[in-house]
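Asks: predicted model and sequence below, questions to follow.
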Amino acid sequence: MKRIAAILLIIAALITGAGAKYQYVFFDVFDTVTELTVYAASETAAADAARAAHERLIYLNMLFDIYNEYNDAVSLMAVNASAAKAPVSVSEETMALLKFAKEAYTLTGARVNAAMGS
């Protein structure tokens, strides 16, 4: 998740250009506190970048949620519930996460195991 946050921060900085520092905190994604720092030429530009980043985090939270299903996204809960019956189509983001988890499992000698849950 830190990797995603870092990428969003870089994108926000590139979009808005370097400038003043603005900080935002979100409590509604990934069951944790998310802090976002945006450097922007204006408060409006920073707020726009923060809003875009927050919307993206909300979407990713829906995709990676193992406890809830959503009408507008196939969550990991839906994948787990359906995968034994038939193949399940998932988003590119979900596939990338699953591939990354598999790679982390291999690289760490099974010390990182996404299947263990939270």
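Replies: The structure has been received and is ready for your questions.
Asks: looks to me like residue 70 is in a strand.
Replies: No. Applying DSSP: H, G, I helix; E, B strand; the rest coil, one finds residue 70 to be coil, outside a strand.
Asks: now do the contacts for it.
Replies: Counting by CB atoms under 8 Å, 6 or more residues apart in numbering, residue 70 makes contact with residue 62. Every C-beta, even on glycine, is put in place using the N, C-alpha and C of the backbone.
Asks: same check, this time on residue 25
Replies: For residue 25, the contact set (CB under 8 Å, 6+ apart) comprises 33-36.
Asks: cutoff 10 Å now
Replies: By CB atoms under 10 Å, 6 or more residues apart in numbering, the contact set of residue 25 is 33-36, 50.
Asks: and it, that's in a strand?
Replies: Yes. Checked against three-state DSSP, residue 25 lies within a strand.
Asks: just list whatever residues bridge to it.
Replies: Listed beta-bridge partners, residue 25: residue 35 (assigned using DSSP bridges).
Asks: tell me the one of the contacts of residue 25 nearest residue 58?
Replies: residue 34 (10.4 Å; CB to CB).
Asks: so in this structure, which helix runs the longest?
Replies: helix 43-64 (DSSP state H).
Asks: distance check, the residue of the chain most remote from its centre against residue 97.
Replies: Here the chain reaches farthest from its C-alpha mean at residue 85, the gap being 27.2 Å by CA atoms, centre = their mean. Residue 85 is 22 Å from residue 97, where distance means CB to CB, to the nearest Å.
Asks: give the contact list for the most centrally placed residue in the chain.
Replies: In the chain, the residue lying closest to the centroid (CA atoms, centre = their mean) is residue 60, at 4.2 Å. By CB under 10 Å, 6+ apart, the residues touching residue 60 are 1, 4, 8, 29-30, 73, 91, 93-94, 97.
Asks: have a look at those and tell me the least confident one.
Replies: pLDDT across these is lowest for residue 1, at 61.
Asks: quick one, grab the pLDDT at residue 7.
Replies: So residue 7 comes in at 71 (pLDDT).
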